[in-house]
Each structure stands twice: as C-alpha cells, then as structure tokens.
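Asker: What follows is a predicted protein model with its sequence.
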Amino acid sequence: KTLACSDLSNRVSFWDVTTGQPARESIGPLNEDVTAISFFDGGKKLLLGTSAEDSRGVGRNKVQINPASPVARIIELSSGETVAELTGHSDKITAVDCSSDGQFILPCGRDATIRVWKEDANEYRFEHTLTSHSPGVLDVAMSPSGELFASCGRDSAVRLWETKSGSLIATLVGHQASVN
C-alpha cells in the first residue's frame with residue numbers, strides 16, 4: 001500500500017504505509033501547488049489537482065512562478081510523465097476523484113465548478129461543467145459503480161449527481177456551515 005502526498009516544494013512523494021519508507025522516486029518539483037491527489041487506473045496513474053499559484057515563500061514573499069490557470073494533471077506513474085492536463089478551472093482545484101475504472105475524472109474547485117471528464121482510449125474528453133455550489137466546491141466523491149457522485153461546498157449543501165448526464169438528483173441541506 002502506497003500513500004502519495006505533496007509539500008510546499010511542489011514535489012509529490014510516495015510512501016510505503018507498512019514500512020514508513022519511500023516507495024518510489026518523487027515527482028517534481030511541479031510549477032504549481034499540488035492541492036489534491038488521487039490514484040486511479042489500478043494505481044498506475046495519479047490525478048493531481050493544482051492551484052495556479054506557486055506558494056514557495058511566505059506571506060508577501062510568495063513568488064508566482066506559473067501564472068497559468070489551475071489544471072488537473074494526469075501522471076503515468078511508470079514514467080513519471082504528465083499524459084494529460086485537464087483545463088478549465090479559473091481558481092484553485094480543491095479536490096479530485098475518479099471512477100474506479102478511471103473512465104470519469106472529477107476535479108472541483110474554488111471557482112464553484114465541477115468539471116466532468118471522460119477517458120476513452122487514453123484521450124480525455126470534457127463532458128460537463130456543473131455549477132450549483134456557491135461560493136465554492138470543497139470536495140467530490142464518486143460512488144463505487146461510478147454512476148453517481150456527491151459534491152459538497154461552502155454553501156452548506158451536499159449534492160448528488162448522475163455522472164454521465166450531469167443531472168442533479170438531490171440536494172441535501174441542513175448543515176450549519178461549509179461541508180467537507
């Protein structure tokens with residue numbers, strides 16, 4: 001079992017959770033902050049959510065090295081190479097998830113959107129932008145079947161979606177603050 005995590009050096013490190021030792025060589029440094037991580041495709045690929053900022057430095061001394069928009073980056077772990085960059089978010093990606101078969105990819109963000117992508121023959125095709133959490137989406141979670149997913153946000157609601165169509169199925173309210 002392997003754990004992936006990132007730090008302020010913008011590297012992704014991999015740890016063997018049984019031994020506490022590095023499991024493989026790190027990836028990076030990347031040109032942007034890594035804000036979310038998920039393994040998929042049987043652990044062969046890594047999905048990274050990013051921020052457009054590079055937060056090396058502290059406070060007012062932060063340096064923005066990469067002024068580009070945030071991306072969801074797909075990395076082939078055998079080579080460490082980026083195989084796709086899923087674009088379209090205008091602010092920090094706060095979470096990522098994907099179906100267990102890797103067919104659907106879900107980055108969500110502070111820009112109050114969830115972007116649904118579909119993989120077909122190693123090509124990633126944009127399907128939907130979903131915009132019902134305002135002022136931002138904090139997390140997404142795909143069901144084991146991949147048919148449905150849930151999102152939650154700063155609007156104190158949890159929403160249930162149909163993945164293929166992007167249809168909103170239900171809105172669960174009652175929380176008193178942001179839902180993670």
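Answerer: In hand now; what should we look at?

Asker: who touches the spatially most central residue of the chain in this structure?
Answerer: Central residue of the chain (C-alpha atoms, centre = their mean): V96, 2.4 Å from the mean position. Applying C-beta atoms under 8 Å, 6 or more residues apart in numbering to V96 gives the contacts A36, I37, S38, L47, L48, G49, A72, I105, L106, P107, C108, V140. Yep, even glycine has a C-beta here, placed from its N, CA and C like the rest.

Asker: Secondary structure element holding the second one?
Answerer: According to DSSP states H and E, I37 maps onto strand 34-40.

Asker: What strands flank that strand, and is each parallel or antiparallel?
Answerer: strand 45-50 (antiparallel) (DSSP bridges).

Asker: how far does the strand holding I37 sit from the chain's center?
Answerer: 5 Å (C-alpha atoms, centre = their mean, to the nearest Å).

Asker: Give me the mean pLDDT for it.
Answerer: Mean per-residue pLDDT for strand 34-40: 93.

Asker: ok, now stretch 20-29?
Answerer: Averaging pLDDT along stretch 20-29 gives 92.

Asker: Now do the end-to-end distance for it.
Answerer: Chord length of stretch 20-29, first to last residue, is 22 Å (C-alpha to C-alpha, to the nearest Å).

Asker: Between the two ends of stretch 94-110, what distance do you get?
Answerer: Criterion C-alpha to C-alpha; first-to-last residue distance in stretch 94-110 is 6 Å.
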